[in-house]
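Engineer: build me a structure from this.
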Amino acid sequence: MKIDNVYYISLLSVANFFFGFGNAKAEEEVNCPKINGTLIHSNTDMLLHLANSCRYDKWTRPGPKDEPLKVHTRIYVYFLGSIEAHNLQFTAHILVRFRWQDERLGFENVTSTVNRVVGEGMLRNHIWVPHVYLVNEHESKMMGADQHDILVTIQPDGTILFSTRMKVTLFCLMNLQKFPFDQQECPLVLESWTYNMTELLLLWEETEPVIVNEHLHLTEYSLIRTWPNSSFVSYEGPEEAAEDAFGSKSHYGKFAGNYSSLTVKFQLAREVGHYIMDYYVPSILLVVVSWVSFWLDPNAVPGRTTLGTSTMLTFITLTRNTGSSLPKVSYIKATEVWFIVCTAFIFGSLVEFAFVNTIWRRKQNVALKKVNSKYILKSTLTPQLHRKQLHNNMDRCQSWPSVVEDDNKPQDNVFYINNSKRNELTVNSIDSIDHDRFSSVNTVTTTDNANDCQNVIIPIPTNPNNPPNKGFTTMTPQEIANWIDRRSRVVFPAAFIFFNFLYWGFVWI
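Structural biologist: Reported below is the predicted structural model:
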């Protein structure tokens, strides 16, 4: 009895197996119908037949397994937005189009009524699409009002055109040394995420790989040119990286290997009109205004002081807003060089006023060997030093011998000191005595006195026909001050013009 039950159960199981297999086969025939061109009348019909899961696997890369799939790329640039120098970023509105061959989706031998299959997001979800990402991306999003702007076109031979419109914010490392006369090269870098170069190659289209809107206009920059470049990026797995189940090493989430990469660079030149009119021209005028001080009286303290300080403060205020939106960099920018030099010229006019005013207030005239810059400046700067040295030497000596003329023995140019020696002048040693003037007469001798002050005995020439020194000119302090002002009217503008020649030559090269 038990044997009959076992036999009966086994028979039912075998029957159920064959019955279920038949139902599954019948269901598969229903869900995966043969492609019949007479039944396809629309893109939807063609899509449902070509991308049916029973014959198409969207997770499998198309093409031969031993050859890389070639993905051709073209970029349309609609708009280049704000370039944020302080964040080292720029914004672009672009359309990226990829083209590749997927023979599994070819239908040229199926029907002649459909010349192409066009779809949007739904079609994209049914087919294989390469995973390409932006390497220097800060933020990106697909554009579109109600839905994302995605367009997929399948041609009869299996060629697929995948297009998407995006708004991207990309990093751009900028060199601001010549700001605001700088030119920046901002890249857009595409790279394969999943497949290395043995499986997928990113290539530019042979004709017009990058197309820029001819009406593109930027507010602060002008687009000089664009140029595409293709390369590869090598990711080497670190030796200490853990191996996965297949023995492969990963690097930052990607398997070690060479990955295809595409780069398009935008060369942008900053528009300098704003900076010329709002910074450089006013700063030049302020420097020139500071030179008006040279035409004022050296003793006009209120006027020249007010002019110099107000010019300096105005220039500093003008500079505060220039470059305030730039990042804090470690190197010196062109605007900072301009600021330093202009500040030096304005400050120099103040120093020049203080110098001539000090000379103007002196009481003693100045003897000059020649009336030129060398002797005027030397005599102007050194007299105080000589008088100070003389005063210090006199303070070191407690007493000075009396120098009197002996009326009982009158002789020309003969003086006597306490001991009444003729033809000798004994004075305490002074550092500023010019010994060379007495080199043609008797030897100059020195003796030490009790006050540690050295006595110098200088022979006095007795020739009554000895002519006085000639060739010396005397100038008053006021004349010297006016002379320095007149020279400053030439030196300051000439130096500033020379600086401008160097500066503008540097920034425009």
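Engineer: list the contacts of the nearest residue to F179 once chain neighbours are set aside.
Structural biologist: Distances taken as C-beta to C-beta, 6 or more residues apart in numbering place K333 nearest to F179, at 4.7 Å, with adjacent residues excluded. All C-beta spots, glycine's among them, are computed from the backbone N, C-alpha and C. The neighbours of K333, taking C-beta atoms under 8 Å, 6 or more residues apart in numbering as the test, are L176, Q177, K178, F179, G323, L326.
Engineer: give me the buried subset of those residues.
Structural biologist: L176, Q177, K178, F179, G323 (16 or more other C-beta atoms under 10 Å).
Engineer: picking up where we left off before, between the contacts of K333, which is nearest Y195?
Structural biologist: L176 (38.3 Å; C-beta to C-beta).
Engineer: where does that closest one land in three-state SS?
Structural biologist: What DSSP: H, G, I helix; E, B strand; the rest coil gives for L176 is coil.
Engineer: confirm for me that it is in contact with I332.
Structural biologist: No. If you go by C-beta atoms under 8 Å, L176 and I332 don't touch, sitting 10.1 Å apart.
Engineer: confidence score at the residue nearest to F179?
Structural biologist: Here, the pLDDT recorded for K333 equals 91.
Engineer: the one 5 residues further on too?
Structural biologist: With respect to pLDDT, W338 scores 96.
Engineer: distance of it from L216?
Structural biologist: 31 Å (C-beta to C-beta, to the nearest Å).
Engineer: equivalent analysis for Q267, please.
Structural biologist: From Q267 over to L216 the distance is 13 Å, taken as C-beta to C-beta.
Engineer: could you do F171 as well?
Structural biologist: For F171, the distance to L216 equals 21 Å [C-beta to C-beta].
Engineer: name the SS class of P327, please.
Structural biologist: On the basis of three-state DSSP, P327 is classed as coil.
Engineer: what's around it, how many residues?
Structural biologist: Here the count is done by other C-beta atoms under 10 Å, and P327 has 12 residues near it.
Engineer: in space, what's closest to it - neighbours in sequence excluded?
Structural biologist: Closest to P327 by C-beta to C-beta, 6+ apart is H86, at 5.0 Å.
Engineer: roughly how far does the one you found sit from V329?
Structural biologist: Distance, H86 to V329, using C-beta to C-beta: 11 Å.
Engineer: same question for T317.
Structural biologist: 23 Å.
Engineer: neighbour count winner among the two?
Structural biologist: V329 (13 against 9).
Engineer: measure that one to T335 for me?
Structural biologist: Distance from V329 to T335, by C-beta to C-beta: 12 Å.
Engineer: ok so, going back, overlap in contacts, Q267 and L216.
Structural biologist: With C-beta under 8 Å, 6+ apart, Q267 and L216 have common neighbours L223.
Engineer: domain assignment for the protein?
Structural biologist: 1-27, 37-238+254-271, 273-365+476-509, 366-473 (automatic domain parsing).
Engineer: which non-adjacent residue is nearest R97?
Structural biologist: Leaving aside its sequence neighbours, R97 sits nearest to S163 (C-beta to C-beta, 6+ apart; 4.4 Å).
Engineer: that older thread, just want to know which of W338 and L216 has more residues nearby.
Structural biologist: W338 (20 against 12).
Engineer: apart from its chain neighbours, what residue comes closest to the more buried one?
Structural biologist: With sequence-adjacent residues excluded and distances taken as C-beta to C-beta, 6+ apart, W338 is closest to Y503, at 6.7 Å.
Engineer: repeat that for V189.
Structural biologist: Spatial nearest neighbour of V189, chain neighbours left out: V135 (4.0 Å); criterion: C-beta to C-beta, 6+ apart.
Engineer: quick one: the one you found and Y259 touch, right?
Structural biologist: No. In this structure, V135 is not within contact of Y259 by C-beta under 8 Å, at 10.0 Å.
Engineer: which neighbours do those two share?
Structural biologist: When contacts are counted by C-beta under 8 Å, 6+ apart, V135 and Y259 have E191 as shared neighbours.
Engineer: for C54, give its distance to E103.
Structural biologist: Separation of C54 from E103 (C-beta to C-beta): 17 Å.
Engineer: same check, this time on P493
Structural biologist: P493 is 78 Å from E103, by C-beta to C-beta.
Engineer: the two: which is more packed in?
Structural biologist: Neighbour tally, P493 and E103, criterion other C-beta under 10 Å: the higher count belongs to P493, 15 against 11.
Engineer: next, that one: secondary structure please.
Structural biologist: helix.
Engineer: now the nearest residue to it once chain neighbours are set aside: phi and psi?
Structural biologist: Nearest residue to P493 in three dimensions, chain neighbours excluded: W291, at 6.7 Å (C-beta to C-beta, 6+ apart). Main-chain torsions, W291, degrees, to the nearest 10: phi -80, psi -10.
Engineer: and W291, how many neighbours?
Structural biologist: Counted with other C-beta under 10 Å, W291 comes out at 20.
Engineer: my read: it touches V490, true?
Structural biologist: No. Counting by C-beta under 8 Å, W291 does not reach V490; the two are 10.4 Å apart.
Engineer: quickly find the element holding N500.
Structural biologist: Taking DSSP states H and E as the criterion, N500 maps to helix 477-508.
Engineer: buried ones in that helix?
Structural biologist: Quick answer for helix 477-508 (16+ other C-beta under 10 Å): 477-485, 488, 492, 496, 499, 507.
Engineer: low-scoring stretches of the protein, by residue?
Structural biologist: Where the chain drops to pLDDT under 70, the residues are 1-43, 112, 237-255, 366-472.
Engineer: ok, which stretches of it are helices?
Structural biologist: 2-31, 43-50, 121-124, 273-275, 281-290, 301-320, 334-360, 373-381, 383-396, 477-508 (DSSP state H).
Engineer: can you pull the contacts of V272?
Structural biologist: P180, F181.
Engineer: what lies in contact with stretch 291-302?
Structural biologist: 303-304, 307-308, 349-350, 352-353, 356-357, 359-361, 478, 481-482, 485-486, 488-489, 492-493.
Engineer: report how many residues lie close to D278.
Structural biologist: D278: 13 surrounding residues under other C-beta under 10 Å.
Engineer: what's the separation between the closest residue to it other than its chain neighbours and G158?
Structural biologist: Of all residues not flanking D278 in the chain, T322 sits nearest, at 7.8 Å (C-beta to C-beta, 6+ apart). According to C-beta to C-beta, T322 and G158 sit 58 Å apart.
Engineer: these two: which has the busier surroundings?
Structural biologist: Set T322 next to G158 and count neighbours by other C-beta under 10 Å: T322 wins out with 20 against 17.
Engineer: that one and Y280 touch, don't they?
Structural biologist: No. Assessed by C-beta under 8 Å, T322 is found out of contact with Y280, at 9.5 Å.
Engineer: which residues touch the closest residue to Y275 other than its chain neighbours?
Structural biologist: Nearest residue to Y275, sequence neighbours excluded (C-beta to C-beta, 6+ apart): P180, at 4.3 Å. The contact partners of P180, by C-beta under 8 Å, 6+ apart, come to R270, V272, Y275, G323, A334, T335.
Engineer: try it again with 6 Å
Structural biologist: Counting by C-beta atoms under 6 Å, 6 or more residues apart in numbering, P180 makes contact with R270, V272, Y275.
Engineer: now do T194
Structural biologist: Neighbours of T194 in contact, by C-beta under 6 Å, 6+ apart: H131.
Engineer: can you count the residues close to L262?
Structural biologist: A count of nearby residues for L262, using other C-beta under 10 Å, gives 23.
Engineer: ok, Y78 touching H93?
Structural biologist: Yes. Y78 sits in contact with H93 when judged by C-beta atoms under 6 Å, with a separation of 4.5 Å.
Engineer: now the common contact residues for those two.
Structural biologist: Counting by C-beta under 6 Å, 6+ apart, nothing touches both Y78 and H93.
Engineer: check which residues of stretch 102-110 are buried.
Structural biologist: Using 16+ other C-beta under 10 Å as the test for burial, stretch 102-110 gives D102, R104, L105, G106, F107, V110.
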